[in-house]
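*Asks:* sequence isn't available, so here's the structure alone:
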């Protein structure tokens, strides 16, 4: 079997654009990966084209060899664009291998340890602006059986936050906890917003609400600052969605900089690299809670990892999505009581429809985190996909 083509397929999904990568072979077995990298799709597709130059004509089942060669020959190693392109291709190669053997990818990684995984919902707050609106949406999510909710209550703050805005954020947390009657785990997102003293202050104020973790309290490019937050925080700290390699996570572990790690399969090297990261975390007794807010292919790949990593803890998943998510793919997720079942289809278990993707062409989107529009992540019409 030989690779005949590699293609980047971009489809608008309102808050950003999904970026799928398909690898084609001469035996008619195609593999799909995802590299959804918010707002840098043109650069990403260019990186995929460079990988295509290397990969066409080669055996797609020699996954580790191709990963190491592509990583080595990038020269300017790492970074979100190159690693996302490599991650998506790596996922697609595992998909091809699984399909060629007729087994799910988790079978090739040691076998399934669990049949379902606990999820926490992101995006459940779409459109909410006030603490009372967040509370009402949290109550609705609870009624759907969701047992863990994540959100960023900090508006458009950056580095520091005025006392009045912090009080409003804490009121939002309090209202959500009250509305859910303590039956839902709360996960507070920081989006790398704050400096060290501000993050420490917030962590101390969050303690009364007992959050599962405070995510990415400081920007991702200084692990010593993150370690300082973890040292001084009375609540658990999570991080890692914006680290792009096994080596970056080694530094995080050695600095004891996080209580939970959140690598993203679309950015940190793909399926096998995340398996290695999770194994390294396990040696430090750190739980593995993958970052997973993107599209159906990334979700499918992450579920394969959740099935077979011993230190898996909880999986992020979007609460709802654009109505055409179910048209661009054949995703089938079974959800019950806050858990999603591990799919058993060959490969990563999902395929995409290129013609349907073409109906939603690329649209430019901009970062909302510091504009006060963070909750505007869904159009008026949305659909549940699990």
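*Replies:* Nice, thanks for sending it over. A quick note: this is a predicted structure, and the numbers were derived from the prediction, not measured.

*Asks:* follow the chain on from the host helix or strand of residue 305 and name the next helix or strand.
*Replies:* With elements taken from DSSP states H and E, the one containing residue 305 is helix 296-308. Per DSSP H and E, the first helix or strand lying C-terminal to helix 296-308 is strand 315-318.

*Asks:* contacting residues around that following strand?
*Replies:* 117-123, 150, 262, 289-293, 299, 302-303, 306, 340, 386 (CB atoms under 8 Å, 6 or more residues apart in numbering). For glycine as for every other residue, the C-beta is placed from the backbone atoms N, C-alpha and C.

*Asks:* try 6 Å
*Replies:* With CB atoms under 6 Å, 6 or more residues apart in numbering as the test, strand 315-318 has contacts from 117, 119, 120, 122, 123, 292, 293, 306.

*Asks:* which pair of those spans the longest distance?
*Replies:* 123 and 306 (19.0 Å; CB to CB).

*Asks:* what average pLDDT does the helix holding residue 305 get?
*Replies:* For helix 296-308, mean pLDDT rounds to 98.

*Asks:* for it, report the contacting residues that lie outside it.
*Replies:* 20, 32, 34, 91, 105-106, 109-110, 112-113, 117, 265-266, 271, 274, 290, 292, 312, 315, 329, 331, 342, 348-350.

*Asks:* which residues touch whatever helix or strand residue 120 lives in?
*Replies:* Using DSSP H and E, residue 120 maps to strand 116-122. By CB under 6 Å, 6+ apart, the residues outside strand 116-122 that reach it are 141, 146, 148-150, 187, 293, 306, 314-319, 338-341.

*Asks:* who are the contact partners of the spatially most central residue of the chain?
*Replies:* Centroid check for the chain by CA atoms, centre = their mean gives residue 292 as the closest residue, at 2.3 Å. Residues near residue 292 by CB under 6 Å, 6+ apart: 299, 302, 315, 316, 317.

*Asks:* what's the closest of these to residue 171?
*Replies:* Looking across the contacts of residue 292 and measuring by CB to CB, the closest to residue 171 is residue 316, at 24.6 Å.

*Asks:* not counting its neighbours along the chain, what's nearest the closest one?
*Replies:* Leaving aside its chain neighbours, residue 316 sits nearest to residue 292 (4.4 Å; criterion: CB to CB, 6 or more residues apart in numbering).

*Asks:* ditto for residue 276
*Replies:* Residue 276 sits nearest to residue 246 (CB to CB, 6+ apart), 5.5 Å away.

*Asks:* I figured the one you found hits residue 278, correct?
*Replies:* No. Residue 246 is beyond contact range of residue 278, at 10.5 Å (criterion: CB atoms under 6 Å).

*Asks:* higher neighbour count, these two?
*Replies:* residue 278 (23 against 17; other CB atoms under 10 Å).

*Asks:* sorry, back to before: who's more crowded, residue 123 and residue 306?
*Replies:* More crowded of residue 123 and residue 306, by other CB under 10 Å: residue 306, with 27 against 20.

*Asks:* mind checking how far the more buried one is from residue 312?
*Replies:* 5 Å (CB to CB, to the nearest Å).

*Asks:* and residue 82, what does it touch?
*Replies:* Residue 82 makes contact with 47, 74 under the criterion CB under 6 Å, 6+ apart.

*Asks:* count of neighbours near the residue lying closest to residue 231 once chain neighbours are set aside?
*Replies:* Nearest non-adjacent residue to residue 231, counting by CB to CB, 6+ apart: residue 256, 8.0 Å away. If you count neighbours by other CB under 10 Å, residue 256 ends up with 13.

*Asks:* can you give me the distance of residue 256 to residue 77?
*Replies:* Residue 256 is 25 Å from residue 77, by CB to CB.

*Asks:* mind checking how far the closest residue to residue 34 other than its chain neighbours is from residue 46?
*Replies:* Nearest residue to residue 34, sequence neighbours excluded (CB to CB, 6+ apart): residue 297, at 3.7 Å. Residue 297 is 20 Å from residue 46, where distance means CB to CB.

*Asks:* cool, residue 134 as well?
*Replies:* Residue 134 is 39 Å from residue 46, by CB to CB.

*Asks:* those two: who's more crowded?
*Replies:* Neighbour count, other CB under 10 Å: between residue 134 and residue 46, residue 134 has more, with 23 against 13.

*Asks:* state the helix or strand in which the more buried one lies.
*Replies:* Using DSSP H and E, residue 134 falls in helix 131-143.

*Asks:* in that helix, what's buried?
*Replies:* Neighbour-count burial for helix 131-143, counted by 16 or more other CB atoms under 10 Å, picks out 131, 134, 135, 136, 137, 138, 141, 142.

*Asks:* so which of the residues you listed is the closest to residue 164?
*Replies:* residue 131 (13.2 Å).

*Asks:* residue contacts, that closest one?
*Replies:* With CB under 6 Å, 6+ apart, residue 131 has these contacts: 171, 172, 175.

*Asks:* neighbour-wise, which one of these leads?
*Replies:* Among the contacts of residue 131, residue 172 has the most neighbours (other CB under 10 Å), with 25 neighbours.

*Asks:* what angle do helix 131-143 and the strand or helix carrying that one make with each other?
*Replies:* Using DSSP H and E, residue 172 maps to helix 163-179. Relative orientation of helix 163-179 and helix 131-143, computed by axes from the mean of the first three to the mean of the last three CA atoms, to 10 degrees: 30 degrees.

*Asks:* give me the contacts around helix 163-179.
*Replies:* Under CB under 6 Å, 6+ apart, the answer for helix 163-179 is 131, 134, 135, 138, 139, 153, 154, 155, 205, 209.

*Asks:* so what's the residue count around the closest residue in space to the fourth one that isn't next to it in sequence?
*Replies:* Looking back up the chat, that one is residue 138. The shortest distance from residue 138 to any non-neighbouring residue, by CB to CB, 6+ apart, is to residue 176 (4.5 Å). Neighbourhood size, residue 176 [other CB under 10 Å]: 28.
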